[in-house]
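>>> Okay, sequence plus prediction incoming.
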Amino acid sequence: DTKSESYMYPLTRLSLLLPGFFAHPSTATEPPPTMSAPKKFWASDPSSIAPFIRSLLLARPSSLAKLEGLDVLLRSPPPVPGQVRLLSGGGSGHEPAHAGFIGTGMLSGAICGGIFASPPVSAVLAAVRTCAADGGGPVLIIVKNYTGDRLNFGMAAEIARAEGADVATVVVADDAAIPPEKVGLAGSRGVAGAVFVHKCAGAAAEAGKSLEEVAAVAERVAGSVRTLGVSLENVDVPGASSGKTELDADVMEVGLGIHGEPGRERSVYPHPRGIDGLVEDMLHSLYEYGYSDGVGGTSKWADGAEVTVLINNLGGCSVFEMGTVAEAVARKLESEGPWGEKLKASRIYVGSYMTSLDMHGFSVSVMVTDDELGNLLDAPTNAPAWAPAERAPP
């Protein structure tokens, strides 16, 4: 657990800071370093999400509405009566997710919790009631697979159903960091692949599909996309009493979660084969993990398959770094690998879609794509955080 580990200052540095401290090295011990608060442009109450919520409303005064007294943002004006409404959300700190994906052809609303904290049942229920009220429509709730989110969103859905609302839920668990046989009852975590679920299901809803049809699209995308992340540094959490615990200079964390949860392993940084080697290892892990075949089994990418790729900035990477990673990912997918001679990366999305505040890392999501999913990805949306990708020529 990176949060519980400590590290020691190098001997030479301490000797300069504390002259005479090492006069008797046989009996001296190195004290742990004092972690100072990080230098950030945060509000006087860093843990409050209110300033950020207000900033979204200031930027989008005619296309966003907020439920009074709750951190719930809804599309304005709402979708036409009878159209399926898509709701998602979770803890704050992953911006632009989820509020940045509110718009035509994507989410109808987002329920925002505190920093890395699930929103309460009352907020989720209020959002569902508002969307399902007279003049509204059926509601699909898209939930990332975390215990708090599943409990709170699930309970709100059950209450709404008991009140007569037409509600369905889809859980996204795309993280491929831990092999399926080792994840236990909790299952894999929901990470950046959820954005593809928002986009494809949102496009289906905008096209007038029924709740059952939209939910089926969401389930299909959730089963098809797999994600793996890597980071060089941990995350600074607003309101924490001290700064983050640094990873050693020669260490990177592979398979970590978007809340700073421990990864699958700590590897040597830099990778012995450079960025190409790191990307190759990540893609091989995604390939071996496999994806749902839709009938209870697992499939793997096949030679010549068309895939869509999301290279997601976890918050702290420069645009230059992200471009370097994207080029390596595309080149490795379209060259010989365990999947055969090559895959066809038809769409490559690069940018900040689901972050972890300032985490210096990225994730790679790969989704096998056919014409149906490709058309849903290409369908128009005015959600400001969705940066469209051009389809590569055949």
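Alright, I've got the coordinates.
>>> Please enumerate the strands of the stretch 1-150 of the chain.
64-66, 72-75, 85-92, 109-115, 139-144 (DSSP state E, counting those that start in this stretch).
>>> Need the ones you listed in TSV (columns: mean pLDDT, mean neighbour count and distance to Val171).
Using the backbone N, CA and C atoms, a C-beta is placed for each residue, glycine as well. Shown next, in TSV, are the strands of the stretch 1-150 of the chain (pLDDT from 0 to 100; neighbours: other Cβ atoms under 10 Å; distance: least, Cβ to Cβ, whole Å):
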stretch	mean pLDDT	mean neighbour count	distance to Val171
strand 64-66	98	19	26
strand 72-75	98	24	20
strand 85-92	98	28	11
strand 109-115	97	23	15
strand 139-144	98	28	5
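>>> With Leu57 as the reference, name the closest of the ones you listed.
Counting by Cβ to Cβ, Leu57 lies closest to strand 64-66 out of these; the figure is 5.7 Å.
>>> Stretch 228-245: how far from the chain's middle?
Stretch 228-245 sits 15 Å away from the centroid of its parent chain (Cα atoms, centre = their mean, to the nearest Å).
>>> swap that for stretch 341-358, sorry
Offset of stretch 341-358 from its chain centre (Cα atoms, centre = their mean): 12 Å.
>>> Moving along the chain from the host helix or strand of Leu283, name the first helix or strand you hit.
Counting by DSSP states H and E, the element that carries Leu283 is helix 274-289. As assigned by DSSP H and E, the chain's next helix or strand after helix 274-289 is strand 291-292.
>>> That next one: partners in the sheet, and parallel or antiparallel?
strand 298-299 (antiparallel) (DSSP bridges).
>>> Quick one: distance of the partner strand to the chain centre.
Distance of strand 298-299 from the chain centroid (Cα atoms, centre = their mean) equals 23 Å.
>>> just to revisit the earlier point, which strands or helices does the helix holding Leu283 pack on?
With contacts taken as 3 or more Cβ pairs under 8 Å, 6 or more residues apart in numbering; DSSP states H and E, helix 274-289 sits against strand 225-231, helix 319-333, strand 361-368.
>>> Dump the ones you listed to a markdown table, plus mean pLDDT.
Below are the helices and strands packed on helix 274-289 laid out as a markdown table (pLDDT from 0 to 100):
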| stretch | mean pLDDT |
| --- | --- |
| strand 225-231 | 97 |
| helix 319-333 | 97 |
| strand 361-368 | 98 |
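>>> The helix holding Leu283: which residues count as buried?
Neighbour counts over helix 274-289 (16 or more other Cβ atoms under 10 Å) mark 278-283, 285-287, 289 as buried.
>>> for Val195, what are its contacts?
For Val195, the contacting residues are 97, 101, 310, 312, 353-354, 386, by Cβ atoms under 8 Å, 6 or more residues apart in numbering.
>>> So it, which state does it fall into?
Look at Val195: counting by DSSP: H, G, I helix; E, B strand; the rest coil, its state is helix.
>>> From Ala201, how far out is it?
According to Cβ to Cβ, to the nearest Å, Val195 stands 11 Å off from Ala201.
>>> cool, Phe362 as well?
Look at Phe362 and Ala201: by Cβ to Cβ, they are 25 Å apart.
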